[in-house]
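Asker: Task: produce atomic coordinates for the following.
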Amino acid sequence: VGFLFMYNTFWLVKPSIPYSVSRNVTAVWHKNGTTYLIIAGGRTPSGVTQNVLMRNTLTNSDILLPPLPVSVERAGGFVLYDSLYIFGGSGDTGSISSLNIFLKINLNQPLFWSSKGNFPFPVSDMSVAKVSDSVVYSAGGRTMGTPIKNILRYSLNLNQWTIVGQLPVIESGISNGAIVSVSDSVLIYAGGKTSNGYSGMTYRGVVNNIFPFNIIWQPSIPYPAGNIAYLAGWGNGKGKAFFTGGDLAFPDNPSATALTYIYTDNPPHFDTVDIKPTPVVTTQVDGIRTGGYPAPEINQIFAPGGASNLSGPSLNNYEELVVIDSNLTSITPKGSNFPGNFILEQNYPNPFNQFTVFKFKIRFPGNVELEVFDINGKKVSTVVNKFMPAGNYQFNFNAANLSSGIYFYRLTAGDFSEIKKFVLVK
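Answerer: Reported below is the predicted structural model:
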């Protein structure tokens, strides 16, 4: 068995969010096939806000949820099941004030915020990694302006934060780095700000699955952009993580970067991918992993807001990184039937509004299937399913019944199978 490797990454520029914001919580909620982007708190042109915005990423429609009980920026946040949690942060635009709030709102019936008690100590500028729908880690940050390197684990079942160790930096603390969950037993911490400047290291933490309060940290590979802080990251829990943005110069603070990387854990390495359209610092990202055979595995990373530099104004941009994972299509060669004898062309036009054309070449007669799948792997159309002689073919496709978005089409002919992507824009 051979494999046809596909690996594609691209940024989508989405409709702007309704107000400029940075240093906010970014969280993703996936419900009944729809993904919602949540932007909570943060710094706006008028100051620190209590706003909580939820956007339907399919229709780009926005609703405001009940405001946070307090104005907060530089907080941590995450979604577990159908609830949004917010903790820590700062109530002003300085670096000294820190909060120990821990709040929750039910997203199915977002009527009010409730307190889940307090975070163990006041904290801001930390980094958050969700491992599962019951476990979250918080790493580093500042408590009343002083950098710390504590790592805390939240258990939903116990409703409890527990200190489970420290980041392995030689300084007394580190803030404004990015911690991500690469798998249920591996965490990666990249970059960050210490008393000696910005860090260019990544650290790999292995969680003991039998005793999860024990994490063994070791220095890993250098961050490819060099010394960096105020970057954003998200891990898909299946061996990959994604990092973007950040500030590269300390203390000169010239501007944000748009560099974007994929980290793969086996073996540990970084790949440079498409440059983010808007360079940013002080943004948070969150993501979702969908798809799988027969459709490709898709990672979507949502990046709203941020600032062009640490002292610059907040932005209202909203961009989405789409990563189509590799190793998607298996091919079993049989003599001269190896897929080099078959061709599936890219549809044209692409992107398109309603009509596009699929073209392909069949080397040998046999049953041929041409199918269309949505981004979640659900088949939405069968274009062709019949016996066909060898030859060149083209088929017109009418997407009138489909919504705007990313889709995939798969050609199967005997032992040959290949998948390509198209974008529908209405």
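Asker: Where does the prediction get shaky in this structure?
Answerer: Judged by pLDDT under 70, the chain has its weakly predicted residues at 1-7, 95, 250-254, 291-296, 325-341.
Asker: mind listing the strands for the stretch 301-426 of the chain?
Answerer: Assigned by DSSP state E, counting those that start in this stretch, the stretch 301-426 of the chain shows strands spanning 318-324, 329-331, 343-344, 355-362, 366-374, 379-388, 391-398, 405-413, 416-424.
Asker: Tell me which other helices or strands the shortest one touches.
Answerer: Identification of packing neighbours for strand 343-344 by 3 or more Cβ pairs under 8 Å, 6 or more residues apart in numbering; DSSP states H and E yields strand 355-362. Every C-beta, even on glycine, is put in place using the N, C-alpha and C of the backbone.
Asker: Check what contacts the strand it packs on and list those residues.
Answerer: For strand 355-362, contacts defined as Cβ atoms under 8 Å, 6 or more residues apart in numbering pick out 342-345, 347-350, 368, 370, 383, 388-399, 409, 411, 413, 422.
Asker: ok, 6 Å please
Answerer: By Cβ atoms under 6 Å, 6 or more residues apart in numbering, the surrounding residues in contact with strand 355-362 are 343-345, 347-348, 388, 390, 392-398, 411, 413.
Asker: next one: stretch 96-108
Answerer: Contact partners of stretch 96-108, identified using Cβ under 6 Å, 6+ apart, comprise 29, 82-91, 113-114, 116-119, 122-124, 143-145.
Asker: Would you mark the buried spots in stretch 28-45?
Answerer: Along stretch 28-45, these residues count as buried under the neighbour rule (16 or more other Cβ atoms under 10 Å): 28, 29, 35, 36, 37, 38, 39, 40, 41, 42, 43, 44.
Asker: How about stretch 46-53?
Answerer: With burial defined by 16+ other Cβ under 10 Å, the residues of stretch 46-53 counted as buried are 48, 49, 51, 52, 53.
Asker: now the second one: how far from residue 390?
Answerer: To residue 390, residue 49 is 63 Å away according to Cβ to Cβ, to the nearest Å.
Asker: Likewise for the first one?
Answerer: Between residue 48 and residue 390 the distance is 67 Å, computed by Cβ to Cβ.
Asker: which parts of the strand or helix carrying residue 152 are buried?
Answerer: Here residue 152, judged by DSSP states H and E, is contained in strand 146-155. Residues 147, 148, 149, 150, 151, 152, 153, 154 are the ones in strand 146-155 that count as buried (16+ other Cβ under 10 Å).
Asker: Nearest to residue 19, out of those: which one, please.
Answerer: Using Cβ to Cβ, residue 154 is the member of the buried residues of strand 146-155 that lies nearest residue 19, at 29.4 Å.
Asker: partners of the closest one in the sheet?
Answerer: Residue 154 forms beta bridges with residue 136, residue 161, as assigned by DSSP bridges.
Asker: Now do the contacts for the nearest residue to residue 212 once chain neighbours are set aside.
Answerer: Leaving out its chain neighbours, the residue that sits closest to residue 212 by Cβ to Cβ, 6 or more residues apart in numbering is residue 153, at 6.9 Å. By Cβ under 6 Å, 6+ apart, the contact set of residue 153 is 137, 162, 164.
Asker: quick one: the first one and residue 167, what's the gap?
Answerer: Which is residue 137. Distance from residue 137 to residue 167, by Cβ to Cβ: 11 Å.
Asker: which stretches of this structure form helices?
Answerer: Counting by DSSP state H, the chain has no helices at all.
Asker: ok, the spatially closest residue to residue 323 that is not a sequence neighbour - how many residues close by?
Answerer: Using Cβ to Cβ, 6+ apart and skipping the chain neighbours, the partner closest in space to residue 323 is residue 299 (4.2 Å). Residues near residue 299, counting by other Cβ atoms under 10 Å, number 23.
Asker: please renumber so the chain begins at 446
Answerer: With 446 as the first residue, the last one maps to residue 744.
Asker: I'd say residue 744 and residue 731 touch.
Answerer: No - under the criterion of Cβ atoms under 6 Å, residue 744 makes no contact with residue 731, lying 11.5 Å away.
Asker: Show the contacting residues for residue 735.
Answerer: Residue 735 makes contact with 743, 821, according to Cβ under 6 Å, 6+ apart.
Asker: now residue 485
Answerer: Counting by Cβ under 6 Å, 6+ apart, residue 485 touches 470, 497, 522, 531.
Asker: got it, and residue 762?
Answerer: By Cβ under 6 Å, 6+ apart, the residues touching residue 762 are residue 723.
Asker: measure residue 576 to residue 657 for me?
Answerer: From residue 576 to residue 657 the distance is 9 Å (Cβ to Cβ).
Asker: Turn the strands of the stretch 746-871 of the chain into TSV, columns for distance to residue 463 and mean neighbour count.
Answerer: Formatted as TSV, the strands of the stretch 746-871 of the chain follow (distance: least, Cβ to Cβ, whole Å; neighbours: other Cβ atoms under 10 Å):
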stretch	distance to residue 463	mean neighbour count
strand 763-769	10	21
strand 774-776	41	16
strand 788-789	41	18
strand 800-807	32	17
strand 811-819	27	18
strand 824-833	31	13
strand 836-843	34	12
strand 850-858	22	21
strand 861-869	24	20
